[in-house]
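1. predicted coordinates and the sequence they were generated for:
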Amino acid sequence: MADLEVDSAHQENLKLSKMKKKVLRKQIKAQRTLMRHEGIECISHTTQNLVVANGGLGNGVSRHQLLRLVEECGLVEALLMPPNKPYSFVKYGTTEEAKKAYDALNGKELILEDTSHTVILYVNFVRKVHWEDIMPTNLPPGLKVVDELVSPEEETMMLESINWTGDEVIQNAQKSLKHRRVEHFGYEFRYDNNNVDKDKPLPGGIPEICNMLLEKCLRQGYIKHKPDQLTVNQYEPGQGIPPHIDTHSAFEDEILSLSLGAEIVMDFKHPDGCTVAVMLPRRSLLVMAGESRYLWSHGITPRKFDIVQASEGQKVGTITADTGDLTLNKRGTRTSFTFRKVRRSPCNCTYPSVCDSQQDQQKERTPMFTGNETVAAKLEQEYVHKVYEEIAVHFSSTRHSPWPKIVEFLRALPEGSIVADVGCGNGKYLGINKGLHMVGCDRSKNLVDICGEKECEAFVCDALSVPIRSGSCDACISIAVIHHFSTAERRLATLRELARLLRPGGKALIYVWAMEQEYNNQKSKYLKEKKAKKGKEKEIDTGVTQRPVSDQTPDNSTQDLTVSDGVLNDFEDKGSIAKQVINSSLPVHTNRTSFHSQDLLVPWHFKGGTKKKEESITTLQLPSGSNKLQELSPVFHRYYHVFCEGELEAACKTLDGIRIQRSYYDQGNWCVVLERQ
Amino acid sequence: MKLLTHNLLTSHVRGLRPGGGYPLGIQATEVKLSPVDFNAQFVARMVPKVQWAALLQAAQSLGHGSDLPPEPAPGYESDEDFLRRLHHVLLEVEVVEGILRCPDSGHEFPITKGIPNMLLAEEET
């Protein structure tokens, strides 16, 4: 009897220590992911501050639920839950309480209230957290609102100084009853082309009365250079200004707008549909810079009341969607003083899709890099072809759910149709309709081999030059392919190839990734949270999850969401031209977030045995002092050019003998159906 | 690679004369026969779409030349015997290993495990 008891106790101990080891392993993994992807450093000594991985808004944990949990362990001074992040920060009154929380919560299984899914929390200590830096303001990036930039006396003086010369903006002649009063200084702003006459400065420049506040702005670093253009706008209740982005080529980065006479709510909108309403209090200064100046549009809705937050009065900041807390605010007459610096050279921002300077340049069809086709080809070799060859098997395992609209297209084709699938990948669509003769082709040998294993007809080729005779196809499809080409010219060349394959009356279906991942207020599945399978452990979802890409239909056999720690193993060869160019100019995307640039690298976290030598092993120092070998799986980066609304259509319109039959948005993709005349 | 697929393939070597590079010559070292369900309507629909001369040449190079007439005869749609033989040649004869040769440039594209590799050297690196 005694023996049995000892035995089972022993078994229990073994089980416990196995579990402990597992928790420790995952805790360390979380530490490294936090460091690598978020720059958050976990430390081994106790402090008052903890980071709770897998306990974030970004992975479905509500504030209410987490707060209850952390309050059990001690007095919580602050709970910080950055939106869209899979972690949170907790600050306790004392280090003892923090240690208590650490012991209680590390490795703790949590059942999410909303979804009943399970997550496991991993807790680590962090140094002092600068809340202001991490606390999300929710304001568009680059936007600042500075309270009380001028005193009431200064406000009165400035308002009285305006000599309205009778200029009015005729905004929308049929609709508006009253016209907005406006005055320009320094340079005349032209409403016909939303630009300034750079060669015709207005006499007098910016009024002296503004000098003091401009000096203040320079000192505070809101602007780098003194503005030389001022527009004064007067908005009476009911007046507004349509959403717009200040012309890139007209003005430099920072734009200042002082609100006098009354407060107002200004609406900011990101191309992917996200809107933010920002309160501009009376006498406050709005600073628009960077993304908020170049990419987000801003506007004022013409109305007599704004919706603001009731509690604590509406202060500077965004107006949240907490409908329990909103109230109406009657508008007064607001006069804005908008200061800008006229731009003398073309704009070279990182938002080319909304940049008039760069759109003009693109029209001349210059390749993406000042260079040539060779660089473009090299880029694609490194960041498309090589990657797909490496990840082929893993990639294929994640690409098995055909998208309904594409299936529909294929099923609607008459029996006996000859169809080419250019960029067929693992042949997902080749067997959909047995009444067709479908032939797939792809640049990746390894992917095409997978098609062969499925007994499909396929061959290896480049989409720029498809070895199929012209006019021999009744239809062709190209799904999530063209966005891998790095110049507009090359993308157009692939479209021409597709058109060439079609017989008269033949149809092509093309899908490309959209820049706008949120459309008509609907987030694409790419952005939505991926649901963990019931009962499966959900690993830290750092926002850099694997398999970010277009397989966006419900993926029933989704593997667990383990994030492999990544070693950027693609930067070994420093000599490569493409890499040097790319390292300096292509942003790396954070998976499952909106796109902020049209040309970017998207990570792929490789899972599964790699047959190559790239598996690297590194030694890690654990808090306890013992050494452990850790195996790391690689992260690959794929190049994408994501398309803006209308971009694919515009390119197709230039094709001879082709008509756009349909154009639509489907789960984060822009799509067209072309017909050959 | 089935012969119906082969009928679509052309050489895209640069600098060929217009209309050149077709049809690709087949030199097969391994061929297999894979049964495929016969669908008369499907096969009949293929007739106007295939380049007959190229098909004949391909069939001949694989020893199936005598299965097909020099031209499809009028009324072929209801000639089951013809359709079945055509079905066999188009869909059941598969080249597993071999070479496709450009008739104009002589360039050779390998076929491995039934998959032709049509990449040109300059496309590869």
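-> Looks like it arrived, so ask away.
2. how many residues are close by A:G107?
-> Look at A:G107: counted by other C-beta atoms under 10 Å in any protein chain shown, it has 17 neighbours. For every residue, glycine as well, the C-beta is placed using N, CA and C.
3. for A:I510, give me its contacts.
-> Listed by C-beta atoms under 8 Å, 6 or more residues apart in numbering or on different chains, the contact set of A:I510 reads A:477-479, A:482, A:495, A:498, A:648, A:652, A:671-674.
4. most neighbours, which of those residues?
-> The residue in the contacts of A:I510 with the most neighbours, by other C-beta under 10 Å, is A:L498 (27 neighbours).
5. that one is in contact with A:I479, isn't it?
-> No - A:L498 lies out of contact with A:I479 (C-beta atoms under 8 Å); the separation is 11.6 Å.
6. for chain B, what lies in contact range of chain A?
-> Residues of chain B lying near chain A by C-beta under 8 Å from any C-beta of the partner chain: B:1-2, B:4-5, B:8-12, B:22, B:34, B:39, B:41-42, B:44-46, B:49, B:51, B:113-120, B:123, B:125.
7. please indicate which of those residues are buried?
-> Among those, the ones that count as buried by 16 or more other C-beta atoms under 10 Å in any protein chain shown are B:1-2, B:4-5, B:8-12, B:22, B:39, B:42, B:44-46, B:49, B:51, B:114-116, B:118-120, B:123.
8. A:K226 and A:C210, how far apart?
-> Distance, A:K226 to A:C210, by C-beta to C-beta, to the nearest Å: 10 Å.
9. same question for A:L436.
-> In this view, A:L436 and A:C210 are 70 Å apart by C-beta to C-beta.
10. cool, A:I223 as well?
-> Separation of A:I223 from A:C210 (C-beta to C-beta): 13 Å.
11. for chain A, what is the nearest residue in chain B?
-> Proximity of chain B to chain A (C-beta to the nearest C-beta) peaks at B:R45, 3.1 Å away.
12. quick check: mean pLDDT of the helix or strand that residue falls within?
-> If you go by DSSP states H and E, B:R45 is part of helix B:40-46. Averaged over helix B:40-46, pLDDT sits at 94.
13. how about residues contacting the following helix or strand past it?
-> Counting by DSSP H and E, the next helix or strand C-terminal to helix B:40-46 is helix B:52-61. Helix B:52-61 is contacted by residues B:3, B:6-7, B:22-23, B:25-28, B:65, B:67-68, B:70-72, B:89-90, B:93 when judged by C-beta under 8 Å, 6+ apart.
14. now the buried members of these.
-> Buried subset of the contacts of helix B:52-61 (neighbour count, 16+ other C-beta under 10 Å): B:3, B:6-7, B:22-23, B:26, B:28, B:67-68, B:72, B:89-90, B:93.
15. any chance of those in CSV, plus pLDDT, secondary structure and distance to A:S249?
-> CSV is the format used below for the buried ones among the contacts of helix B:52-61 (pLDDT from 0 to 100; DSSP: H, G, I helix; E, B strand; the rest coil; distance: C-beta to C-beta, whole Å):
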residue, pLDDT, secondary structure, distance to A:S249
B:L3, 96, helix, 58
B:H6, 97, helix, 54
B:N7, 96, helix, 53
B:Y22, 91, coil, 50
B:P23, 93, coil, 54
B:I26, 95, strand, 58
B:A28, 94, strand, 61
B:D67, 85, helix, 68
B:L68, 91, coil, 65
B:P72, 91, coil, 63
B:V89, 95, helix, 63
B:L90, 96, helix, 59
B:V93, 95, strand, 62
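16. not counting sequence-adjacent ones, nearest residue to A:V481?
-> Distances taken as C-beta to C-beta, 6 or more residues apart in numbering or on different chains place A:G423 nearest to A:V481, at 3.0 Å, with adjacent residues excluded.
17. so the one you found touches A:H483, yeah?
-> No - look at A:G423 against A:H483 with C-beta under 8 Å: they stay out of range, at 10.1 Å.
18. neighbour count: the two, which is higher?
-> Between A:G423 and A:H483, counting by other C-beta under 10 Å, A:H483 is the more crowded of the two (24 against 21).
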